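Q: Structure of the sequence below:
(chains A and B, ligands or ions: 6)
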Number of protein chains: 2
Amino acid sequence: MSSGKPKLWNFSAGPAILPPVVLERAAEAVHELRQDGHAKDAAGVGMSILEISHRSAPYEAITFGAEKLVHEVLGVPETHQVLFLQGGASLQFVMVPLNLREADKFAAYVDTGVWSGRAIAESEGLGPTRVVASSKATNYDRIPEFPAADTYAGASYLHITTNNTIYGTEYPEIPEAQGGVPLVIDFSSHAGARPMALERAALGYAGAQKNLGPSGVTLVYVRKDLLAKKPAAHVPVYLRYGTHAKEPSLYNTPNTFGVLVLKLVLEWMRDEGGLAAIGARNERKARRLYDVLDHSKVFQPHAQPGSRSHMNVTWTCGRAPEAQREAIAKKFLAEAQALGFDGLKGHRSVGGFRASIYNAFPEAGVVALCEFITEFERRL
Amino acid sequence: MSSGKPKLWNFSAGPAILPPVVLERAAEAVHELRQDGHAKDAAGVGMSILEISHRSAPYEAITFGAEKLVHEVLGVPETHQVLFLQGGASLQFVMVPLNLREADKFAAYVDTGVWSGRAIAESEGLGPTRVVASSKATNYDRIPEFPAADTYAGASYLHITTNNTIYGTEYPEIPEAQGGVPLVIDFSSHAGARPMALERAALGYAGAQKNLGPSGVTLVYVRKDLLAKKPAAHVPVYLRYGTHAKEPSLYNTPNTFGVLVLKLVLEWMRDEGGLAAIGARNERKARRLYDVLDHSKVFQPHAQPGSRSHMNVTWTCGRAPEAQREAIAKKFLAEAQALGFDGLKGHRSVGGFRASIYNAFPEAGVVALCEFITEFERRL
Ligand SMILES: Cc1ncc(COP(=O)(O)O)c(C=O)c1O
Ligand SMILES: Cc1ncc(COP(=O)(O)O)c(C=O)c1O
Ligand SMILES: [Mg+2]
Ligand SMILES: [Mg+2]
Ligand SMILES: [Mg+2]
Ligand SMILES: [Mg+2]
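A: Ligands and ions are numbered 1, 2, ... in the order given. Sure, this is the predicted structure:
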């Protein structure tokens, strides 16, 4: 929605809610792009963002401007190259092992659910792979203890999923891998959610469609020394990070519109006060919702304290009598939908409910949801 | 530009000019998407196309609607599965050999320039590859004679680039491969330009950013029996056509906005009278421009008669005295730019000039360019 209170509260896990001002400016650029990376009061370039060559000066201002903002706003250090790729996080499940596997070494993964499972499966197809920690036994309701250094010593890299969209679990902070093993993070669903020690990762990737923009763009950042690493086997030219670093994000035609919207989102984040301010707001939003759920006699949060995501809050009817759970869940979802709370149905792996409350999700929407939950429970 | 005569004539080779009505409707969907695949008078869904889940009913109406239009408007037969992927045509340079190479067979390619060269290089990295025809000797100024059946007999597939964006060459019609060898076409830069025998190809792919939409979406169509073919070596799950065919174009998060714009372009094509009407107009546009160039005493078309593209018209100052060519070219480009003819500089592989006159490029713009060329020459 381009203005005012939305008719719907959009709790989608991704593609997800974006700031109204970003939608406004993106729509404007579909009509006519402006100079200087679509700067607010700059002159129009006489073309839509959808029509303009990626080899043109106006597009270079967009992509290099966005790259700069990734460093400045998200805090990716200058030791790392920023890339805007296509194919989603799912293509990174493939590119990571292709590029980072070294001969005679295994790849180490922490298993925290469906998405790390897909990453593990792609790695297994390409070479020796070890799962060095997992929370599968408790249906991924927590981040497992960080694996001991000897479990991943000698690995080509150690891969973790820092926010697990489906289960609503999140690493409280980005851990440090020991022994010089490169840490790789899939931070798709909490990129930009708060200040993070991104420099601890040798490589990070995030599908943009949660906190950072529309679908069709993947943010990757990779430590520059890794670009020179010799992989274990032939890597197709297009799938090499080095290819996209050399002609930065311009080796082939990028998702030009997607990169513009990503830039507009980063500008919005900067204007909101940056990650510190955004992180504080996210903290308030999440605390309020977990608080209601923790005090409920019907609902039960899925993720355990200490592992709880500030972006994706998951819960079930686990405190209701077992025989009533299905009926309550159905009633809750139907009433919620009727009131404009959209996208609350949980993923089938957890059941129940999920409220994705990304950066652009307003505090007022969390307040409204909390009031509805409390009121619903009172009526039961 | 959203309305009326553009301030610029946009001759970009891609991303390229789109119909004003498509830009208008795309901008509207950035504000608020409508039901039924963003049908003109349908109700709004209360969210932007940039915010809506790809697992929602409104998005399913978009992607399945677009798929249906690819069959109906472009004429892809029902024997083939339509896919909307990411990564551009460049990722197809990799996916084609990964998926279609069979053990102990070579892959056959026709070399018609830079893009087929990149496709060949990716194939060579993955297995035995033979170039069975080339027009390199004449700087790709023509489509080489179609290779004799015995040159590619026993190949996993035969790959051709049916329109060569850089050189301005085009197969007059899609050829038939002999002996049951699957034909693969890169038809990126003339997809939907006129009625074509697409059924002759076992697999076709096109980056959308020329005739079909914005960048960030690749149209692929693949004969269904090929999906069951056993490739020569392990293929990562994400890079298998079968993966994207099984959950059609929804295995992971697609470029949702890009697929919507593709659908809007296909609707525009249908409303313009379909490929027959569009092809006739493209024929008139191209004939008018080649005619002026053929009669010029200064300019010389690069592509030879019989191989000339209706989409990308390339020419040099080849009929001017050699000592004057550089100065004339400079003057021509500077004056053209000042008059609003944008993007006429030729690719460095050919030099000179290139006018990309895709489906959405208005006849009036070609008339204006022809008048300018004639008038420029008169003043020399
Ligand atoms: C943590 C995480 N990783 C990976 C993915 C897959 O991303 P994509 O759909 O961009 O391939 C998702 C999608 O929701 C995700 O949440
Ligand atoms: C014929 C042809 N094939 C492939 C490509 C590469 O496409 P992409 O940039 O979508 O990877 C192009 C780009 O212009 C092209 O014209
Ligand atoms: Mg940088
Ligand atoms: Mg997960
Ligand atoms: Mg179909
Ligand atoms: Mg070419």
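Q: Low-confidence regions, the stretch 1-150 of chain A specifically.
A: Counting by pLDDT under 70, the stretch 1-150 of chain A contains low-confidence ranges at A:1-6.
Q: For it, give the residue positioned nearest to ligand 2.
A: residue A:54 (8.1 Å; CB to the nearest ligand atom). C-beta coordinates here come from the backbone N, C-alpha and C atoms, glycine included.
Q: How is chain A partitioned into domains?
A: Annotated domains of chain A cover A:23-271, A:274-379 [automatic domain parsing].
Q: tell me the most buried of those?
A: Of all those, domain A:23-271 has the most neighbours on average by mean count of other CB atoms under 10 Å in any protein chain shown, namely a mean of 21.
Q: Whether that one contacts ligand 6 - can you check?
A: No - using CB under 5 Å from the ion, domain A:23-271 never reaches ligand 6; the gap is at least 13.0 Å.
Q: so who does residue A:274 touch?
A: Residues near residue A:274 by CB atoms under 8 Å, 6 or more residues apart in numbering or on different chains: residue A:73.
Q: Quick check: phi and psi on it?
A: phi 80, psi -170 (degrees, to the nearest 10).
Q: just checking, what packs against the helix or strand in which residue A:81 is found?
A: Taking DSSP states H and E as the definition, residue A:81 sits inside strand A:80-85. Packing contacts for strand A:80-85, counted by 3 or more CB pairs under 8 Å, 6 or more residues apart in numbering or on different chains; DSSP states H and E, involve helix A:57-69, strand A:218-223, helix A:241-246, helix A:256-271.
Q: So which residues make contact with the first one?
A: Contacts to helix A:57-69, defined as CB under 8 Å, 6+ apart, come from residues A:33, A:35-38, A:45, A:47, A:49, A:52-54, A:82, A:84, A:248-250, A:254, A:256, A:259-260, A:262-263, A:266-267, A:270.
Q: What does the pLDDT read for residue A:232?
A: Listed pLDDT for residue A:232 reads 87.
Q: ok and the residue in the stretch 101-250 of chain A nearest ligand 2?
A: residue A:238 (8.0 Å).
Q: thinking again about what came up before, list the strands paired with the strand holding residue A:81, with their directions.
A: strand A:218-223 (antiparallel) (DSSP bridges).
Q: Is there proximity between the strand it pairs with and ligand 1?
A: No - using CB under 6 Å from any ligand atom, strand A:218-223 stays clear of ligand 1, coming no nearer than 6.6 Å.
Q: which residues are contacting that strand?
A: Taking CB under 8 Å, 6+ apart as the rule, strand A:218-223 contacts A:70, A:76, A:79-89, A:91-92, A:182, A:191, A:198, A:201-208, A:212, A:241, A:244-245, A:262.
Q: Repeat the analysis, applying 7 Å as the threshold.
A: A:70, A:76, A:79-89, A:91-92, A:191, A:202-208, A:212, A:241 (CB atoms under 7 Å, 6 or more residues apart in numbering or on different chains).
Q: for stretch A:364-380, same thing?
A: Here stretch A:364-380 has contacts from A:9, A:285, A:288-289, A:292, A:296-299, A:332, A:335-336, A:339, A:341, A:355, A:357, using CB under 7 Å, 6+ apart.
Q: Now do the residue of the stretch 101-250 of chain A closest to ligand 2 against residue B:13, distance only.
A: 20 Å (CB to CB, to the nearest Å).
Q: repeat for residue A:80
A: Residue A:80 is 32 Å from residue B:13, by CB to CB.
Q: again, but for residue A:198
A: From residue A:198 to residue B:13 the distance is 37 Å (CB to CB).
Q: Same check on residue A:124?
A: Taking CB to CB, one finds residue A:124 at 41 Å from residue B:13.
Q: can you check residue A:279 too?
A: 44 Å.
Q: Same question for residue A:178.
A: 50 Å.
Q: same thing with residue A:88?
A: Applying CB to CB to residue A:88 and residue B:13 gives a distance of 27 Å.
Q: Mind jotting down where the strands sit in chain A?
A: A:9-10, A:80-85, A:107-111, A:129-134, A:158-161, A:163-164, A:169-170, A:183-186, A:203-207, A:218-223, A:300-301, A:312-316, A:341-342, A:353-356 (DSSP state E).
Q: Which of the ones you listed sits closest to residue B:146?
A: Across the strands of chain A, residue B:146 has its closest neighbour in strand A:80-85 (36.3 Å, CB to CB).
Q: Just checking that closest one against ligand 2, any contact.
A: No - among the residues of strand A:80-85, none lie within reach of ligand 2 under CB under 6 Å from any ligand atom; the closest is 11.8 Å away.
Q: residues in contact with that strand?
A: Under CB under 7 Å, 6+ apart, the answer for strand A:80-85 is A:63, A:66-67, A:70-71, A:76, A:217-224, A:227, A:241, A:244-245, A:249, A:254, A:259.
Q: and that strand with ligand 1, contact?
A: No - using CB under 6 Å from any ligand atom, strand A:80-85 stays clear of ligand 1, coming no nearer than 10.6 Å.
Q: dump the residue contacts of residue A:117.
A: Applying CB under 7 Å, 6+ apart, the residues near residue A:117 are residue A:111.
Q: now the closest residue to ligand 6 within chain A: how far from residue B:92?
A: The nearest approach of chain A to ligand 6 comes at residue A:252, 13.0 Å away (CB to the ion). Using CB to CB, residue A:252 is found at 11 Å from residue B:92.
Q: dump the residue contacts of residue A:335.
A: Applying CB under 7 Å, 6+ apart, the residues contacting residue A:335 are residue A:376.
Q: separation between it and ligand 1?
A: Separation of residue A:335 from ligand 1 (CB to the nearest ligand atom, to the nearest Å): 27 Å.
Q: how near is that residue to residue A:74?
A: In terms of CB to CB, residue A:335 sits 38 Å off from residue A:74.
Q: same check, this time on residue A:186
A: 15 Å.
Q: Over to residue A:341?
A: 30 Å.
Q: what's the answer for residue A:370, then?
A: Taking CB to CB, one finds residue A:370 at 29 Å from residue A:74.
Q: which residues sit in contact with residue A:358?
A: A:16, A:17, A:210, A:211, A:311.
Q: from those residues, which single one is nearest chain B?
A: Taking CB to the nearest CB as the measure, chain B lies nearest residue A:17 of these, at 5.2 Å.
Q: isn't that closest one right next to residue A:359, touching?
A: No - with contacts counted by CB atoms under 7 Å, residue A:17 stays clear of residue A:359, the gap being 8.8 Å.
Q: Does the residue of the stretch 101-250 of chain A closest to ligand 2 touch residue B:88 like I think?
A: No - between residue A:238 and residue B:88 there is no contact under CB under 7 Å: 8.6 Å.
Q: re the thing from before, can you tell me which of the contacts of stretch A:364-380 lies closest to ligand 2?
A: residue A:357 (35.5 Å).
Q: The closest one reaches residue A:287, doesn't it?
A: No - in this structure, residue A:357 is not within contact of residue A:287 by CB under 7 Å, at 11.2 Å.
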